[in-house]
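> need a structure here:
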Amino acid sequence: MEIIHLSAECYPVAKAGGLGDVVGALPKYQNKMGHYAKVVMPMYRTKFLYQHEWDVDFKGRTNLADWWFDFTVIKERNNTLGFDLFLIDINGLLDRENIYGYADDTQRFVAFQIAFVNWLNHWQHKPDVLHCHDYHVGLIPFMIRYCYDYNRLADIPTVLTIHNAQYQGWMGWDQSNLIPRWDTWKGGLLEWNKTINPLASAVKNAWKVTTVSWSYLEELRYNSNGLEALFEYERGKCVGILNGIDSDVWNPATDKFIQDNYDVENVDEGKQMNKEILCKEFNLNPQKPLIIFIGRLVGEKAADLLPDAIVSAMYTMQGNVNFLVLGSGEPHVEWQLQQLTHTFPGNYNVMIGYNEALSHLMYAGADFLLMPSRVEPCGLNQMYAMQYGTVPMVRSTGGLKDTVTDMGEWQGWGIRFNHASIGDVVHATGRAVGLFYNDPESLTKMRRHMMQIDNSWENSVQQYLNIYQSLKI
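Residues are numbered from 1 along each chain as shown. Next comes the predicted model:
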């Protein structure tokens, strides 16, 4: 099958979160299974763009309302990522360094989708499926069915994968003219709650909808930022497929980002060596348990709890624990976390921003990973941690609930708690510290057990392929 993945992110080209990791891995594994998967995304001005060679594949001209623009499709020459990568360039809209955060993001992503469909309309053949990821490409299933210029594409099956339903790309009806000439009798397929909602439109128009874990699919029916009734109504075409992780990238035995590689046989020694390197860099004591947080410092990750939870845990554990935070997000949370470096020198540190190499070292050197998320559709960090023998401390929600079993259960390897609250985080920290000091043998067994759990993409890829096959006309 020929599969086109459409996304705003793809690691290592441009990544803001788990969406980028998934789109950077899923097509590679689909190709390994004998299919032809490719990725199409905007041409941001990132390091990846300038470090690789490209060929021009197509040049076109189309319009966004009354603004006519030229666009160029380029293809990465050497198949570096294990799949064909196409970037669409629109001067004045997509020629930016960052993925998101601009006042004209609506125009940027609508124009990207129009350019893609315009390019696809010039093909001499049709792909077997268009796989759309999140709201940034959510108008494509509607456009190929109900925009007059693209009617010949209407029979191409479309699949929507929802990575995070909190973000929906809302557009006022005054922006409806941005969408190419469309059948106005079909306005209800764009609308939700009196506005144009690209995510809701994709749920309505895609042939099949998937979410990135089983539990998240159920949660969307009662917690999806206003779309609860839609997910209840469309549940018949929705499927939960748990994300995998790219074992070529996340493997402590071969990881090029860490100095001391290790495997399940020497996990304790390997982790201790990496821990000493990490603790030396951040002025922490390598003899104490190290708890890390890696992620966006935003409300859905419950990052606002971190400052007070760390303070409370430090005093409760009498300083017998270390914390290290890597992330960026809400300025007030960043400021609070930075202030704690003065309060707990030698026991706490933070790096504001994101550093891929550092994240790998943190997974390798830490004892525990904290994820108190309010919303976690799948979560990849806990699976990365498990690969590196780092015990996940997670709230029981979404994919965290699906992938982590509490150590109090038979063959459990993690620490789970029920509420995104300071009290639950501190209690989980107490369990972690007690395990580290009082039962190192159980900690070693947990590490070895979790490192042998298969969280690779192979099983998930087959489930996606089964869905594609079911949509064949």
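> What separation is there between the residue nearest to A115 when sequence neighbours are not counted and K401?
Distances taken as Cβ to Cβ, 6 or more residues apart in numbering place F71 nearest to A115, at 4.2 Å, with adjacent residues excluded. No exception for glycine: its C-beta is placed from N, CA and C like everyone else's. Plainly put, F71 is 42 Å away from K401 if you go by Cβ to Cβ, to the nearest Å.
> for H125, same thing?
Counting by Cβ to Cβ, the separation of H125 from K401 is 43 Å.
> cool, G240 as well?
Distance from G240 to K401, by Cβ to Cβ: 12 Å.
> thought Y354 was touching G329?
No: using Cβ atoms under 8 Å, Y354 is not in contact with G329; the gap is 10.3 Å.
> what's in contact with the host helix or strand of the residue nearest to A115?
Using DSSP states H and E, F71 falls within strand 67-76. Contacts with strand 67-76, where a contact means Cβ atoms under 8 Å, 6 or more residues apart in numbering, come from 40, 43, 52-63, 84-93, 111, 115, 118-119.
> strand partners of it, parallel vs antiparallel please.
Strand 67-76 sits in its sheet next to strand 54-64 (antiparallel), strand 84-89 (antiparallel), going by DSSP bridges.
> Quick check: pLDDT value at the nearest residue to F282 once chain neighbours are set aside.
Excluding the flanking residues, the one nearest F282 by Cβ to Cβ, 6+ apart is N349, at 4.0 Å. Per-residue pLDDT puts N349 at 98.
> and N349, bridged to which residues?
L324.
> That one contacts N285, doesn't it?
No: contact status for N349 versus N285: not in contact, 11.4 Å apart, counting by Cβ under 8 Å.
> More neighbours: which of those two?
More neighbours surround N349 than the other of N349 and N285, with 22 against 14 (other Cβ atoms under 10 Å).
> Contact partners for the more buried one?
Counted by Cβ under 8 Å, 6+ apart, N349 has contacts 282-284, 323-325, 341.
> on that earlier part again, the more surrounded of H125 and K401?
K401 (19 against 5).
> thought the more buried one was touching R416?
Yes: if you go by Cβ under 8 Å, K401 and R416 touch, sitting 7.5 Å apart.
> which residues do those two both contact?
Joint contacts of K401 and R416 (Cβ under 8 Å, 6+ apart) are V394.
> Nearest spatial neighbour of V22, chain-adjacent residues omitted?
Using Cβ to Cβ, 6+ apart, the closest residue to V22 is N243 (5.6 Å).
> Which residue, neighbours along the chain excluded, lies closest to T405?
G412 (4.3 Å).
> mind checking how far that neighbour is from T397?
Going from G412 to T397 by Cβ to Cβ gives 17 Å.
> Settle it for me: which of those two has more neighbours?
Shown here are G412 and T397; by other Cβ under 10 Å, T397 has more neighbours (26 against 15).
> quick one: the strands in the stretch 351-473 of the chain?
Using DSSP state E, counting those that start in this stretch, the strands of the stretch 351-473 of the chain run over residues 368-371, 391-395, 415-417.
> counting contacts, what elements does the last one pack onto?
Of the remaining helices and strands, those touching strand 415-417 by 3 or more Cβ pairs under 8 Å, 6 or more residues apart in numbering; DSSP states H and E are strand 391-395, helix 422-438.
> Mind checking those for the one nearest to H131?
strand 391-395 (28.1 Å; Cβ to Cβ).
> Give the rounded mean pLDDT of that closest one.
Strand 391-395 carries an average pLDDT of 98.
> Stretch 170-188 too?
Rounded mean pLDDT across stretch 170-188 is 97.
> ends of it, how far apart?
Criterion Cα to Cα, to the nearest Å; first-to-last residue distance in stretch 170-188 is 14 Å.
> contacting residues for N225?
Per Cβ under 8 Å, 6+ apart, neighbours of N225: 165-166, 168.
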